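# Give the three-dimensional model of this entry:
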Amino acid sequence: MAAAGALSFSAVVFETALNVALPTLMMEFQVGTATIQWITSGYLLTLAIVIPTFPWLKSRFPLRRLFVAAVVLFIAGALACGLALTFPVLSAAAFRLCRQ
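From the prediction side, this is the model:
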């Protein structure tokens, strides 16, 4: 239970940090407000798709396997976001990050 809470906390921290970092990301990747907004919109859209599908996944796969897969995808996405050198790479990594 503590691990699930820690992972949920990590997702909230990511969302909060992303909102604070948007102006810096706009300068770093030299993109406008409309372009950088795709990071937040894509993140929330993907969550809106993944969350309702969880009951189906839970009925098809063991819960432990789903949790491990979610943690691995979250860590891989966070690393990819941190190492992104271009906006398209950052965008793809952020979408991968929320598919946990």
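
# what comes up buried for the host helix or strand of A76?
According to DSSP states H and E, A76 maps onto helix 63-83. Buried positions in helix 63-83, judged by neighbour count with 16 or more other CB atoms under 10 Å: A70, V71, F74, G77, A78, A80, C81. From N, CA and C alone the C-beta is placed, and that goes for glycine too.

# Using TSV, lay out those together with distance to A92 and pLDDT.
Converted to TSV, the buried residues of helix 63-83 look like this (distance: CB to CB, whole Å; pLDDT from 0 to 100):
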residue	distance to A92	pLDDT
A70	18	82
V71	20	82
F74	15	78
G77	9	80
A78	13	80
A80	8	85
C81	10	82
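
# Out of those residues, which is nearest to P62?
A70 (12.7 Å; CB to CB).

# Kindly provide the distance from the closest one to T24.
Going from A70 to T24 by CB to CB, to the nearest Å gives 28 Å.

# just A92 next, same as before
In terms of CB to CB, A92 sits 19 Å off from T24.
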